[in-house]
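Chemist: Below: sequence and its predicted model.
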Amino acid sequence: MCNLVIQTLAGTNIFLQRRKRFWLIPVLVLAGILLNSVGGASTTLVSLSRILYLSFFAVITYVVLKQVVFAARSATAESVFAALSGFLLIGYIGFFLFASIEVSMPGSFKGVSSDVTIMANDLFYYSFISILTVGYGDIVAVSWTARNASIFIDLMGAIYNLVFIARIVSDFSTKHRGV
């Protein structure tokens with residue numbers, strides 16, 4: 001429930017700053033709240049809820065990445081934190097993508113629990129271990145769809161690190177060294 005409150009506040013904040021272009025954010029948040037409050041274990045509702053969360057995080061990630069691209073010209077502590085937030089959002093998108101694949105095609109990942117709550121924790125862990133390029137091998141993508149999704153998320157994380165975070169950190173450190 002705490003995550004839902006934080007997500008709602010973040011989405012509302014972005015919506016209030018950019019009302020005309022991002023009217024979809026409150027719609028996604030409200031739809032997610034409604035689906036979660038309905039309850040029940042309907043596979044269709046769970047899948048729809050995950051798709052809405054994935055869409056929500058995709059929109060938020062787009063906004064953050066756009067800010068990071070333009071912030072790369074003036075490195076401040078705020079732009080460094082925005083860049084790190086963008087990286088975390090890529091991890092969340094990976095989690096929702098992997099969870100959606102595992103729910104729709106069970107057995108796509110080897111090493112995850114069959115219990116839904118533990119499976120979610122396992123896939124959250126897998127997403128971040130993957131984008132951090134650690135890859136312990138305890139969870140493995142075995143289906144074609146899961147492997148391609150893993151490659152996509154890993155490439156997003158690696159490119160984001162190489163291009164945006166490296167540039168902002170470099171500009172930030174140069175600015176503070178007085179060079």
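Modeler: Received the coordinates, thanks. Numbers count the residues shown, from 1 in each chain.
Chemist: Render the CA-only coordinates of stretch 87-103 in PDB, please.
Modeler: C-alpha atoms of stretch 87-103 as PDB (Å, rounded to 0.1, in the frame of the first residue of the first chain):
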ATOM      1  CA  PHE A  87      18.200   4.000 -13.700                       C
ATOM      2  CA  LEU A  88      16.000   2.800 -10.900                       C
ATOM      3  CA  LEU A  89      12.900   3.200 -13.100                       C
ATOM      4  CA  ILE A  90      14.500   1.100 -15.800                       C
ATOM      5  CA  GLY A  91      14.800  -1.600 -13.100                       C
ATOM      6  CA  TYR A  92      11.100  -1.200 -12.300                       C
ATOM      7  CA  ILE A  93      10.100  -1.500 -15.900                       C
ATOM      8  CA  GLY A  94      12.200  -4.700 -16.200                       C
ATOM      9  CA  PHE A  95      10.400  -6.100 -13.100                       C
ATOM     10  CA  PHE A  96       7.000  -5.400 -14.500                       C
ATOM     11  CA  LEU A  97       7.900  -6.700 -17.900                       C
ATOM     12  CA  PHE A  98       9.400  -9.900 -16.400                       C
ATOM     13  CA  ALA A  99       6.500 -10.400 -14.000                       C
ATOM     14  CA  SER A 100       4.000 -10.000 -16.900                       C
ATOM     15  CA  ILE A 101       5.900 -12.600 -18.900                       C
ATOM     16  CA  GLU A 102       6.000 -15.100 -16.000                       C
ATOM     17  CA  VAL A 103       2.300 -14.600 -15.300                       C
END
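Chemist: List the buried residues of that stretch.
Modeler: Buried positions in stretch 87-103, judged by neighbour count with 16 or more other C-beta atoms under 10 Å: 87, 89-103. For the C-beta atoms, the positions are set from N, CA and C on the backbone; glycine is no exception.
Chemist: In helices only, show me those residues.
Modeler: Assignment to helices by DSSP state H places the following of the buried residues of stretch 87-103 there: 87, 89-103.
Chemist: if we can go back for a sec, which one of the buried residues of stretch 87-103 is nearest residue 144?
Modeler: Distance to residue 144 across the buried residues of stretch 87-103 (C-beta to C-beta) is lowest for residue 101, with 10.4 Å.
Chemist: got a pLDDT number for the closest one?
Modeler: Note on residue 101: pLDDT of 91.
Chemist: again, but for residue 176
Modeler: The score at residue 176 is 64. That number is its pLDDT.
Chemist: same deal with residue 58?
Modeler: Confidence score, pLDDT, at residue 58: 75.
Chemist: Just the residues contacting stretch 119-126, thanks.
Modeler: If you take C-beta atoms under 8 Å, 6 or more residues apart in numbering as the criterion, stretch 119-126 is touched by 95, 98, 99, 102, 109, 111, 112, 113, 139.
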